[in-house]
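In: starting from these lines, generate the structure:
(2 chains)
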Amino acid sequence: GNSVTQMEGPVTLSEEAFLTINCTYTATGYPSLFWYVQYPGEGLQLLLKATKADDKGSNKGFEATYRKETTSFHLEKGSVQVSDSAVYFCALSTKYNFNKFYFGSGTKLNVKP
Amino acid sequence: DGGITQSPKYLFRKEGQNVTLSCEQNLNHDAMYWYRQDPGQGLRLIYYSQIVNDFQKGDIAEGYSVSREKKESFPLTVTSAQKNPTAFYLCASSIEADRVGNQPQHFGDGTRLSIL
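Out: So this is what the prediction gives:
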């Protein structure tokens, strides 16, 4: 079946630190992979996506590379800011599945000044 | 601007009462989805619809009902049969993408439902 596993949070970093949030997946076939961000009291916003192996998604300084050999899609940012404090969700979708998404449980990031 | 509008932002339900959460989109998307989010947890799929007048149960449909009479609208009713309805409800939509599975879902800002 399809599933996504994210690292447990919260992750607490100081401003300008390097960020990694781990995400691994199990999927039938070849999934597309997504990272979403959720700020307090809001819905989810698409951060980046990758649709095939070795693709790198990037946006606002965040990056993630689709690694088929390790079934991973880790989120990274070189220098976090206080404004990056939010909950981050990894997700996947597959063909012929009504674009149904499978979400990880979310990782809360706290960035201290 | 195109987007998804959920209303109300906050909703209170009395015991034994049904309540309806509104979701409207002007993105011309065929597919729409309802999720439930509990504190500190991920999203769980309640219902989804790929086309007008058709919808399917998700993973936690019991105690909920939906309709899809218009492409733009996908209201969710939380019935009195849902014994633990307190949660944050999120509506999403996407381009119909069954054959490719690579289109993002776009989300509204959610409705927070509480019990009086």
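
In: CA only for contacts and neighbour counts going forward, please
Out: OK.

In: any weak-confidence spans in chain B?
Out: B:1, B:97-101 (pLDDT under 70).

In: center of it, which residue is that?
Out: Centroid check for chain B by Cα atoms, centre = their mean gives residue B:34 as the closest residue, at 2.6 Å.

In: what about that one, helix or strand, and which?
Out: Residue B:34 belongs to strand B:31-37 when assigned by DSSP states H and E.

In: quick one: distance of stretch A:18-34 to the chain centre.
Out: 7 Å (Cα atoms, centre = their mean, to the nearest Å).

In: again with stretch A:50-65
Out: On Cα atoms, centre = their mean, the centre of stretch A:50-65 falls 10 Å from that of its chain.

In: is any part of it close to chain B?
Out: Yes. If you take Cα under 8 Å from any Cα of the partner chain as the test, stretch A:50-65 does meet chain B, through residue A:51.

In: can you name the residues in contact with that stretch?
Out: Stretch A:50-65 is contacted from outside by A:30-34, A:47-49, A:66-68, A:72-78, B:102, using Cα atoms under 8 Å, 6 or more residues apart in numbering or on different chains.

In: buried subset of these as a ChimeraX selection?
Out: Here is the ChimeraX command that selects only those of the contacts of stretch A:50-65 that count as buried (16 or more other Cα atoms under 10 Å in any protein chain shown):
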select /A:30,31,32,33,34,47,48,49,66,67,72,73,74,75,76,77 /B:102
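
In: from the contacts of stretch A:50-65, which ones fall inside strands?
Out: A:32, A:33, A:34, A:47, A:48, A:49, A:75, A:76, A:77 (DSSP state E).

In: residues contacting the first one?
Out: Read it as residue A:32. So residue A:32 contacts A:49, A:50, A:51, A:52, A:92, A:93, A:94, B:101, B:102 (Cα under 8 Å, 6+ apart).

In: the fifth one too?
Out: The contact partners of residue A:48, taken as Cα under 8 Å, 6+ apart, are A:34, A:35, A:36, A:57, A:58, A:59, A:63, A:64.

In: ok, of those residues, which one's closest to residue A:18?
Out: residue A:63 (11.9 Å; Cα to Cα).

In: what is the closest one paired to in the beta sheet?
Out: Beta bridges link residue A:63 to residue A:58, residue A:76, judged by DSSP bridges.

In: show me where chain B has strands.
Out: Under DSSP E, chain B gives strands at B:4-7, B:10-13, B:19-25, B:31-37, B:43-51, B:54-57, B:64-66, B:76-78, B:87-94, B:106-107, B:111-115.
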